[in-house]
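**Student:** Here is a sequence together with a model predicted from it:
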Amino acid sequence: MKLHELIGGALRSRTQRNGDPENGLPRPARHVIGLCKMLLSERGESSGERIAAEALAAYQALDDASRAIFFDLLIQQFSPDAEEVARAAEAYRQNRSASTLAHLQDVVEPPRQHLFRRLNMAPGGTQTLVSMRAQLLARKEQNPKWEPIESDLQHLLNSWFNRGFLELRRIDWSTPAIILEKLIEYEAVHEIQGWEDLRRRLEADRRCYAFFHPALKDEPIIFVEVALTRGMSARVQPLLDLKAPVLNPRTANCAVFYSITNCQEGLRGVPLGSFLIKKVAEDIGRELRYVRTFATISPVTGFREWVEGMAHEHKEIPTLVSKLASGAAGPSIEKELLALCAFYLLHIRHGKKPTDPVARFHLRNGARLDRINWHGDTSPAGLER
């Protein structure tokens with residue numbers, strides 16, 4: 001029996017057991033679900049792309065309330081049949097053959113995954129599914145029952161956005177304006193203050209690289225910004241200074257990665273950053289043979305929260321926190337904070353990994369902690385972090 005026949009049979013039997021589960025629901029959500037069922041039916045086999053396009057257009061037209069109902073129906077009607085899974089598991093336990101294993105794998109996979117694969121046939125399908133996951137992530141805490149849908153999408157996106165499909169491009173001032181505008185829009189670490197700021201970040205002593213995917217035309221997936229310097233920088237502000245003299249890149253001996261931005265919220269958790277940094281380091285190493293040091297000047301994003309959480313355990317901490325809040329950052333508080341930060345980075349763990357997410361990301365990629373920079377980022381956002 002073909003997979004679409006199994007899915008269609010499961011969906012029909014579920015409706016027969018439960019009656020019509022869509023009675024009384026808003027018509028737009030019922031319409032999208034009806035198109036999804038049609039897409040998985042025999043009729044959908046012959047005209048899949050047209051039905052997929054119609055289903056995605058109908059989904060995009062849903063308001064928030066109808067979209068929530070649509071997600072509820074995806075859970076109710078496109079999840080594995082628990083009884084069928086149990087029977088298949090028992091059959092495999094009794095007879096561990098290739099056929100019983102294949103059947104078990106078929107019934108365990110949620111019909112949603114097959115639905116998403118077929119929706120992806122439509123023009124713009126990948127972008128819509130990425131956006132769908134972003135919408136689910138934004139409402140995940142309020143709606144934990146939708147987590148299986150988000151997990152299904154992440155599973156598929158991990159495959160669709162694997163390294164073999166990604167194209168690395170260097171971004172410079174000759175890059176089409178439609179892409180440059182998106183860098184300004186997406187930059188999440190150090191805001192780009194207009195075209196003049198962007199142009200300085202693309203000068204001869206700067207590098208910017210992005211990953212692109214064939215299904216998302218002119219849409220950067222993730223990008224990284226690098227400064228070519230003489231020696232490691234202790235502060236990010238000189239790297240962002242519009243008036244800083246442009247260094248001859250042939251005289252640089254260090255590449256400082258100072259910003260990395262994931263442009264697609266729906267791809268959060270899909271492992272792209274590590275691969276991007278390694279590819280960029282390889283590219284710069286081939287271009288500039290004197291660059292031997294690759295460094296990152298990164299925020300310690302979890303430190304402030306950890307210090308504030310420690311305030312009720314150690315009597316010295318509340319005073320430290322109040323000094324921080326008032327901006328009274330003199331030599332004494334600098335010494336105390338640097339010691340605390342070193343302890344936090346070296347010893348505060350989540351399991352066997354550092355608690356701090358930025359430290360965890362870079363150390364996992366083979367970096368080492370070289371030094372802690374006092375006032376490494378004095379921008380309002382940096383001071384807040």
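**Tutor:** Yes, it's here.

**Student:** Which parts of this protein are strands?
**Tutor:** Secondary structure of the chain (DSSP state E): strands at 167-170, 206-212, 222-229, 254-262, 293-296, 349-350, 353-354.

**Student:** Point out the one among those that comes closest to residue 190.
**Tutor:** Minimum separation from residue 190 across the strands of the chain (Cβ to Cβ) falls at strand 254-262, 5.3 Å. Backbone N, C-alpha and C define where each C-beta goes, glycine included.

**Student:** List the neighbouring strands of that closest one plus their orientation.
**Tutor:** If you go by DSSP bridges, strand 254-262 pairs up with strand 222-229 (antiparallel), strand 293-296 (parallel).

**Student:** mind checking how far the longest one is from the chain centre?
**Tutor:** So that's strand 222-229. Relative to its chain's centre, strand 222-229 lies at 19 Å (Cα atoms, centre = their mean, to the nearest Å).

**Student:** Could you give the average pLDDT over it?
**Tutor:** For strand 222-229, mean pLDDT is 97.

**Student:** For residue 169, give me its contacts.
**Tutor:** 175, 209-212 (Cβ atoms under 8 Å, 6 or more residues apart in numbering).

**Student:** same thing but 10 Å
**Tutor:** 175, 179, 208-212, 220, 223 (Cβ atoms under 10 Å, 6 or more residues apart in numbering).

**Student:** cool, and residue 132?
**Tutor:** Going by Cβ under 10 Å, 6+ apart, residue 132 touches 56, 59-60, 67, 70-71, 74, 116, 119, 149-150, 153, 266.

**Student:** Just put these in CSV and tack on neighbour count.
**Tutor:** CSV is the format used below for these (neighbours: other Cβ atoms under 10 Å):
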residue, neighbour count
56, 23
59, 23
60, 13
67, 20
70, 23
71, 21
74, 23
116, 24
119, 23
149, 24
150, 21
153, 22
266, 24
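
**Student:** Closest one to residue 347 out of these, please.
**Tutor:** residue 150 (33.3 Å).

**Student:** Ignoring the adjacent residues along the chain, who's closest to residue 173?
**Tutor:** Leaving out its chain neighbours, the residue that sits closest to residue 173 by Cβ to Cβ, 6 or more residues apart in numbering is residue 202, at 5.1 Å.

**Student:** wouldn't residue 181 be in contact with residue 198 here?
**Tutor:** Yes. Using Cβ atoms under 10 Å, residue 181 is in contact with residue 198, at 9.2 Å.

**Student:** With neighbour numbers in mind, choose between these two.
**Tutor:** Shown here are residue 181 and residue 198; by other Cβ atoms under 10 Å, residue 198 has more neighbours (18 against 12).

**Student:** And the more buried one, what's its pLDDT?
**Tutor:** 97.

**Student:** OK, contacts around it?
**Tutor:** 171, 173, 180-181, 183-184, 187, 192, 208.

**Student:** As a check, name the ranges of all helices in the stretch 1-150 of the chain.
**Tutor:** Taking DSSP state H, counting those that start in this stretch as the test, the helices found in the stretch 1-150 of the chain are 3-18, 27-40, 42-46, 48-60, 64-77, 82-94, 98-108, 111-119, 125-138, 147-160.
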